[in-house]
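> Next input, structure requested:
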Amino acid sequence: MLIKAIKQFELFAILIGLFFIILCFHAFFIINAVEAPVPLVYGPMLLFIYRSSNEQRIALSSILLHIVPLTVFSIFFVLDPTAWYKAMQLPYMLVVFCSSLVYPLFVLIRSAKNKAINREMKRTLFVEKLALLGMAVSFFLFLMLINTDHTESLGGNNF
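Below you'll find the model as predicted:
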């Protein structure tokens, strides 16, 4: 049944939807000052979105390999949600930094090798990216507005 759904909606569309759902959860965690290891999802998601956009197969073994850091730090998070970050801050930040650098670089280098897309298609994709970025910025500004109004109504101070 899952394979039917993936074929019907295309893996690319499913991954984009999943990415935005994870982004919403991450925003919720940020607003509530919860240090969850969500940033470790973005690199592998970018890779899988890139592969699905090129209609490449994504093997289960590849998924499992790329989510190892997320799994490890999620275990620490589940065991002690309040103190895990202080105990693991340096290794966690190094892994997040590497993930945030390596995955986008890999995708950019691989994309540069793929010259089959014509100029018009590139422009269209650029406009779509700008539209998605605008939507994301609007979403976060809306969340900040809600959080500010909620804090002020509770008598909190905004610095």
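
> What is the helix or strand where F48 lies packed up against?
Secondary structure assignment for F48, by DSSP states H and E: helix 39-53. If you count contacts as 3 or more C-beta pairs under 8 Å, 6 or more residues apart in numbering; DSSP states H and E, helix 39-53 packs onto helix 11-31, helix 60-66, helix 68-79, helix 84-113. Backbone N, C-alpha and C define where each C-beta goes, glycine included.

> Tell me what angle it forms with helix 11-31.
170 degrees (axes from the mean of the first three to the mean of the last three C-alpha atoms, to 10 degrees).

> By mean pLDDT, which helix or strand of this structure comes out lowest?
helix 2-9 (a mean of 60; mean pLDDT, DSSP states H and E).

> State the number of residues packed around the nearest residue to F139 once chain neighbours are set aside.
The shortest distance from F139 to any non-neighbouring residue, by C-beta to C-beta, 6 or more residues apart in numbering, is to A27 (7.5 Å). A27: 18 surrounding residues under other C-beta atoms under 10 Å.

> okay but A27 is in contact with A136, surely?
No. Counting by C-beta atoms under 8 Å, A136 is not a contact partner of A27; they are 9.7 Å apart.

> before we move on, back to that, the residue nearest to F139 and C98: what is the separation?
23 Å (C-beta to C-beta, to the nearest Å).

> again with L64
Distance from L64 to C98, by C-beta to C-beta: 19 Å.

> picking up where we left off before, dump the helices and strands packed on helix 39-53 into a markdown table; add mean pLDDT and distance to L47 as well.
Shown next, in a markdown table, are the helices and strands packed on helix 39-53 (pLDDT from 0 to 100; distance: least, C-beta to C-beta, whole Å):
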| stretch | mean pLDDT | distance to L47 |
| --- | --- | --- |
| helix 11-31 | 86 | 10 |
| helix 60-66 | 93 | 7 |
| helix 68-79 | 96 | 13 |
| helix 84-113 | 86 | 6 |
